[in-house]
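Asker: please work out how this folds:
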Amino acid sequence: MPFHLQHRHLDNDSGFAYRISAMADFFHLAVAWDWELDRDFIALLESQMHAHRLLFYSISHHNTHETARRVQRGDLAFGAFLDRAGDIDDHFTHISRIIRKTPTHFVNPPDAVYHATDKATMHLEFLTKGIEVPFSIIITPYNKRKEVELTLSDLARLGRPFIIKPANTTGGGIGVIVGAESLKDVIESRQHHKNDKYLLQEKIRPEMLNGRKGWFRVFYVYGLVIPCWWDDETHRYFMITREEHEAFGLRPLTTITKKIREVCRLDFFSTEIAVTRDNRFVVVDYVNDVCDMRVQSEHYDGVPDQVVMDICRRLARYLKNAQAEGLLAAANA
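Answerer: The predicted structure is shown next:
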């Protein structure tokens, strides 16, 4: 049964005064999602929330309008909110804006997401932080400068093939070209997203470690770092054994990911790190704020089930501890 809250006002920067009703329904975590293949992840997360005696609220297409109205009226409140749909659907964006006016903890605050998903910004900040990244050239958006600021010596340093990435168009490799060969490829690519900066990056070639590519996708969730083997061509995941972790000296995967968290300020994200033949740990894809959580038992290229479960458990435990420490403002109004 949902908790009932006392009256509470919140004055925020927008000038909007938010009032929680004395009989408001309270849930410790709300998740907005619209991808059918998220269903297993949502079910596992809800199960972990219940196992920790916490209340879970699902926001999908069937209840977006009702949820928005109830939150605005102040008779529905959340301790925390995870948005997995607002970047692609205006209905969910609207809900996120409404929830921002309430004393709700955001898993991945919107301002931090905006900052972290700009690859050009992350590239420069990673360099400042001492995080190794591929040699890259940042190109001004086409609509700001039609000519490409690129010399033949620049192209030579990139090598062939090289990678072309839009700085802000994210998700599923949208707009990314992994086999670029010429200036013509650059000229054509940057016109697909004319208001976006582009990164031209050298292609990192990983070392082979006992028959596997030294390529890893690493998950971060509230201080927990989970590295997995990952193949950039097949997109297949494998768990890293304790013996492999020690034998291949993979501790930097954790250290680097925690440094990335200091830069991006996200609570839940993934990154890609490759180990080169000269034993350099290079971050090849910077920050993914909406992690693909399809489970491997149902999808060939899904995340190992144990990893998804560990992520769900960590989220629930964090919120349980936050509730006990009085950090979920709405729950203690």
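Asker: show the contacting residues for L315.
Answerer: For L315, the contacting residues are L29, L45, Q48, L82, V107, V221, Y222, F268, by C-beta atoms under 8 Å, 6 or more residues apart in numbering. Placement of C-beta: from N, CA and C, glycine included.
Asker: in whatever helix or strand it lives in, which residues are buried?
Answerer: Secondary-structure element containing L315, defined by DSSP states H and E: helix 305-324. Buried residues in helix 305-324, counting neighbours by 16 or more other C-beta atoms under 10 Å, are found at 307-320, 322-323.
Asker: also stretch 259-270?
Answerer: If you call a residue buried by 16+ other C-beta under 10 Å, then stretch 259-270 has these buried ones: K259, I260, R261, V263, C264, L266, D267, F268, F269, S270.
Asker: and stretch 24-44, by the same measure?
Answerer: By 16+ other C-beta under 10 Å, the buried positions in stretch 24-44 come out as 24-35, 38, 40-42, 44.
Asker: cool, and stretch 292-308?
Answerer: Neighbour counts using 16+ other C-beta under 10 Å place D292, M293, R294, V295, Q296, G302, V303, P304, V307, V308 of stretch 292-308 among the buried residues.
Asker: tabulate these in JSON lines, adding columns for pLDDT.
Answerer: Formatted as JSON lines, these follow (pLDDT from 0 to 100):
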{"residue": "D292", "pLDDT": "96"}
{"residue": "M293", "pLDDT": "98"}
{"residue": "R294", "pLDDT": "98"}
{"residue": "V295", "pLDDT": "98"}
{"residue": "Q296", "pLDDT": "98"}
{"residue": "G302", "pLDDT": "98"}
{"residue": "V303", "pLDDT": "98"}
{"residue": "P304", "pLDDT": "98"}
{"residue": "V307", "pLDDT": "98"}
{"residue": "V308", "pLDDT": "98"}
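Asker: in which helix or strand would I find E66?
Answerer: Element membership of E66, judged by DSSP H and E, is helix 64-73.
Asker: before we move on, what about F41?
Answerer: With secondary structure defined by DSSP H and E, F41 is part of helix 39-51.
Asker: and the angle for that helix with helix 305-324?
Answerer: For helix 39-51 against helix 305-324, the angle between stretch directions is 40 degrees (axes from the mean of the first three to the mean of the last three C-alpha atoms, to 10 degrees).
Asker: which one is Y198 nearest to, not counting chain neighbours?
Answerer: Distances taken as C-beta to C-beta, 6 or more residues apart in numbering place I139 nearest to Y198, at 4.3 Å, with adjacent residues excluded.
Asker: and the pLDDT for R217?
Answerer: Among the per-residue scores, R217 shows a pLDDT of 98.
Asker: of the buried residues of stretch 259-270, which belong to strands?
Answerer: F268, F269, S270 (DSSP state E).
Asker: out of these, which is nearest to Y114?
Answerer: Within those, the smallest distance to Y114 is 13.5 Å, found for F269 (C-beta to C-beta).
Asker: what about the closest one, distance to V221?
Answerer: Remark: distance between F269 and V221 (C-beta to C-beta, to the nearest Å) = 8 Å.
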